[in-house]
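*Asks:* take this sequence and fold it.
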Amino acid sequence: MVRRRLAVCAAIVGGLLAASCGIPTQQQPSAISPSRVPPGLVSPDLPSTSTTQPRASVAVTIYLLGPTDGLVARQRVVQIPAPLKSILTALFAGPDQAEMQLDIGTAIPTDVAVLSVMTQGSVVTVNLNEAFGEITGTNTELAVAQVVATVAAESGPTTGVIFQIDGEQTSVPVASGAQVPGPVYLSQFVPAKT
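*Replies:* Residues are numbered from 1 along each chain as shown. I've put the predicted structure just below:
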């Protein structure tokens, strides 16, 4: 019996000793001096956040070619602001897989690139790389029609387009077969509705 009481007393004393080695408790929080805070836990700088806002985008219209080489309006999504250069770049990327299955194509090779686009009043000058000048035959007229229709969809149907290749103005064919130095208008490719 004495051993049992000694064991119980030892357990109580051991518990009290262990409790006294723990973290002290208080009724209210108290300030800790900066000298007692471990290095790296106190920083005068606020932590930075690296949240990235999603970039806003907008649907635009480009013109590809249907099965009979007629102009076909298609939608593309580009980031805002949607300058004509971005819209034309979307055009030059060509049809997607679903469009190709519908026999929608383009006369513009994928190596054609927009170098710059400049707008003055109702005339847009589109400066393209040399690959545009290498388009031949009826594809030239179709490629010009695609560019003019895409520009007109964004800037208005009476917008004229001047074509440049590497900064040099060039003549382009219209639906009548004539070579036009520019500006070229949508009405030269799409007959007026009566």
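*Asks:* could you list everything the nearest residue to Gly133 once chain neighbours are set aside pairs with in the sheet?
*Replies:* Sequence neighbours aside, Ile165 is the residue nearest to Gly133 in space, at 4.5 Å (criterion: C-beta to C-beta, 6 or more residues apart in numbering). From N, CA and C alone the C-beta is placed, and that goes for glycine too. For Ile165, the beta-bridge partners are Leu128, Glu168 (DSSP bridges).
*Asks:* surely Ile165 meets Glu130?
*Replies:* Yes: contact criterion C-beta atoms under 8 Å: Ile165 and Glu130 qualify, at 6.1 Å.
*Asks:* neighbour count winner among those two?
*Replies:* The neighbour comparison of Ile165 against Glu130 (other C-beta atoms under 10 Å) goes to Ile165, with 18 against 12.
*Asks:* ok, now how distant is the more buried one from Thr125?
*Replies:* Using C-beta to C-beta, to the nearest Å, we find Ile165 at a distance of 12 Å from Thr125.
*Asks:* follow-up on the earlier one: give me every residue that touches the residue nearest to Gly133.
*Replies:* If a contact means C-beta atoms under 8 Å, 6 or more residues apart in numbering, then Ile165 has 127-130, 132-133 as its contacts.
*Asks:* tell me where this protein has helices.
*Replies:* 2-20, 84-92, 97-101, 130-133, 138-155 (DSSP state H).
*Asks:* so what sits opposite Thr119 in the bridge?
*Replies:* Beta-bridge partners, per DSSP bridges, of Thr119: Val124.
*Asks:* now do Ala73
*Replies:* Tyr63.
*Asks:* quick one: neighbours of Gly121, just the number.
*Replies:* 7.
*Asks:* quick check: the residue nearest in space to the middle of the chain vs Ile87, distance?
*Replies:* The centroid of the chain falls nearest to Gln79 when counting by C-alpha atoms, centre = their mean (4.1 Å). Taken as C-beta to C-beta, the spacing of Gln79 relative to Ile87 amounts to 11 Å.
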